[in-house]
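Engineer: Sequence and predicted structure, then a few things I'm wondering about:
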Amino acid sequence: MIMPEQKPTIYVIDDDPSVRDGLDSLLRSVGYDVSSFASPRDFLNHRRSDGPSCLVLDVRMPDASGLDFQDELARTGNPLPIIFLTGHGDVPMSVRAMKAGAVEFLLKPFREQDLLDAIRQALEKDRVRLRQDAATTDLRERFATLTTREREVMALVALGRLNKQIAAELGLSEITVKVHRGQAMRKMQAGSVADLIRMADTLG
């Protein structure tokens, strides 16, 4: 059963209350949930939505640089597509932001449609990440059902070993290796050895 997607959430971080209020009004008017924060610290203390989301982030704030916060988020391994807003934009700053994965870099005052287009792009990027995360979680759950021996056989299959070579390496008969490989493929729901190898690569 396919679960309905959660309503997208847009996070806004800007030290200017008037900017936060304006963005909140605009984004809610087109159907988004919005959570606004005066600083990156406030945002980090807030529990993020499990659904698709993105961050609209001011580049320059009194207590923090938006670019430095982008780097900090990347290091946490908890990525979030970012759209930067700035009233002081320059080329090196925008290049750094885009190289680090920002979706867009908009100079204030910006066209509302440009922001909405960037948000749609950012949310689609996050949907792709969520689908990939869900698929990897599903693979890990399947992998957890394998016995130790099935995992050993799967790892060697992924390295390109033939049944005869695996049998010699593990001290098993070739028939036993075939049984373990078959069980591993069944539990992992792999349609072919190539599928099993791709799954092993994904799992690392």
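Structural biologist: Received it, and whenever you're ready, just let me know what you need.
Engineer: thinking residue 103 is in contact with residue 118, fair?
Structural biologist: Yes - using C-beta atoms under 8 Å, residue 103 is in contact with residue 118, at 5.6 Å. For the C-beta atoms, the positions are set from N, CA and C on the backbone; glycine is no exception.
Engineer: overlap in contacts of those two?
Structural biologist: residue 83 (C-beta atoms under 8 Å, 6 or more residues apart in numbering).
Engineer: Next, work out how far apart residue 23 and residue 36 are.
Structural biologist: 7 Å (C-beta to C-beta, to the nearest Å).
Engineer: Can you check which residues contact both of these two?
Structural biologist: Shared contacts of residue 23 and residue 36 (C-beta under 8 Å, 6+ apart): 12, 14.
Engineer: What helix or strand is the residue nearest the centre of the chain located in?
Structural biologist: In the chain, the C-alpha nearest the mean C-alpha coordinate belongs to residue 129, at 3.7 Å (C-alpha atoms, centre = their mean). According to DSSP states H and E, residue 129 maps onto helix 112-143.
Engineer: helices and strands around that helix, which ones?
Structural biologist: helix 17-29, strand 53-58, strand 82-86, strand 104-107, helix 174-188, helix 193-203 (3 or more C-beta pairs under 8 Å, 6 or more residues apart in numbering; DSSP states H and E).
Engineer: From the chain's centroid, how far away is the longest one?
Structural biologist: So that's helix 174-188. With C-alpha atoms, centre = their mean, to the nearest Å as the basis, helix 174-188 stands 32 Å off its chain's centre.
Engineer: nearest residue to residue 136 other than its sequence neighbours?
Structural biologist: Once flanking residues are discounted, residue 136 sits nearest to residue 202: 6.2 Å by C-beta to C-beta, 6 or more residues apart in numbering.
Engineer: Next up, the contacts around the one you found.
Structural biologist: Here residue 202 is in contact with 135-136, 139 (criterion: C-beta under 8 Å, 6+ apart).
Engineer: can you tell which of the helices and strands packed on helix 112-143 is closest to residue 156?
Structural biologist: Ranking the helices and strands packed on helix 112-143 by proximity to residue 156 (C-beta to C-beta) places helix 174-188 first, at 8.7 Å.
Engineer: per-residue confidence averaged over that closest one?
Structural biologist: Per-residue pLDDT over helix 174-188 has a mean of 96.
Engineer: do stretch 125-134 as well
Structural biologist: Mean per-residue pLDDT for stretch 125-134: 93.
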